[in-house]
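Novice: this one's sequence-less:
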């Protein structure tokens, strides 16, 4: 995408009034175009395949097909779209499965308009976006009472982590750092262990919380 190319969106929510509100909001803002809507997770997967949006705004709890299952199916199919969860719920039982399923970000519906626009732009670039409340919960969950952590990251691990935070794939990290993909995976395994996490989004959340990033 370039600055001249609008970010294309698919809006997924079971409430028509919410979909209408989001469509109107993004239609009135420069730099976005809404390709379509879906009322549940099953429709979301079908519409994503047909429309190929840059970003999917995904609600979680929907009759007829929840958001987490849809995110998993989109990941399984190798969908290009980034999924930004936009929901009312910030409980661990909602947050963690969505992130683990492959969501690029997680925002609550009370987020201000500009925060939502910024989050969509970031998600389109592959950057992890977490509302403060969700980031706090995620950090607490991945730490746990006996979570390891505290061992400093090596300079190379910090480089890898910084690229992960920008949404860079393992293949792109390998190319940028002139190392093999296997070496990238090894660095990720080590930094996950040092941070006490199991996935990329959690690593980024904990790294920001500890001041390793940003």
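Specialist: Perfect, thanks for sending it. Keep in mind that what you see is a predicted model, and the values were worked out from it rather than measured.

Novice: Not counting whatever helix or strand residue 26 lives in itself, show me its contacts.
Specialist: Secondary structure assigned from DSSP states H and E places residue 26 in helix 16-27. Here helix 16-27 makes contact (Cβ atoms under 8 Å, 6 or more residues apart in numbering) with 9, 11, 13, 32-34, 37, 39, 57, 59, 86, 109, 113, 116, 120. C-beta coordinates here come from the backbone N, C-alpha and C atoms, glycine included.

Novice: My guess is residue 157 contacts residue 194. True?
Specialist: Yes. Taking contacts as Cβ atoms under 8 Å, residue 157 lies within contact range of residue 194: 7.4 Å.

Novice: All the strands of this structure, residue numbers only.
Specialist: 7-12, 32-38, 55-58, 82-87, 105-108, 129-130 (DSSP state E).

Novice: Sheet-wise, list the partners of the longest one with their directions.
Specialist: As defined by DSSP bridges, the strand partners of strand 32-38 come to strand 7-12 (parallel).

Novice: Now the partner strand: average pLDDT?
Specialist: In this model, strand 7-12 has an average pLDDT of 97.

Novice: rewinding a little: now compare the contacts of helix 16-27 and name the two farthest from each other.
Specialist: Pairwise distances across the contacts of helix 16-27 (Cβ to Cβ) peak at 23.1 Å, for the pair 39 and 113.

Novice: what about the two, which has more around it?
Specialist: Taking neighbours as other Cβ atoms under 10 Å, residue 39 and residue 113 compare with residue 39 leading, 20 against 11.

Novice: JSON lines please, covering the strands of the chain and showing distance to residue 153 and mean neighbour count.
Specialist: JSON lines is the format used below for these (distance: least, Cβ to Cβ, whole Å; neighbours: other Cβ atoms under 10 Å):
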{"stretch": "strand 7-12", "distance to residue 153": "32", "mean neighbour count": "24"}
{"stretch": "strand 32-38", "distance to residue 153": "36", "mean neighbour count": "19"}
{"stretch": "strand 55-58", "distance to residue 153": "30", "mean neighbour count": "28"}
{"stretch": "strand 82-87", "distance to residue 153": "26", "mean neighbour count": "25"}
{"stretch": "strand 105-108", "distance to residue 153": "23", "mean neighbour count": "23"}
{"stretch": "strand 129-130", "distance to residue 153": "20", "mean neighbour count": "26"}
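
Novice: To residue 185, which of the ones you listed lies closest?
Specialist: strand 82-87 (22.0 Å).

Novice: For the closest one, which outside residues touch it?
Specialist: By Cβ under 8 Å, 6+ apart, the residues outside strand 82-87 that reach it are 13, 22, 54-61, 67, 71, 74, 94, 98, 102-109, 111, 116, 119-120, 123-124, 126, 129, 167.

Novice: Show the buried residues in those residues.
Specialist: Restricting these to buried positions leaves 13, 22, 54-60, 67, 71, 74, 94, 98, 102-108, 116, 119-120, 123-124, 129, 167, with burial counted as 16 or more other Cβ atoms under 10 Å.
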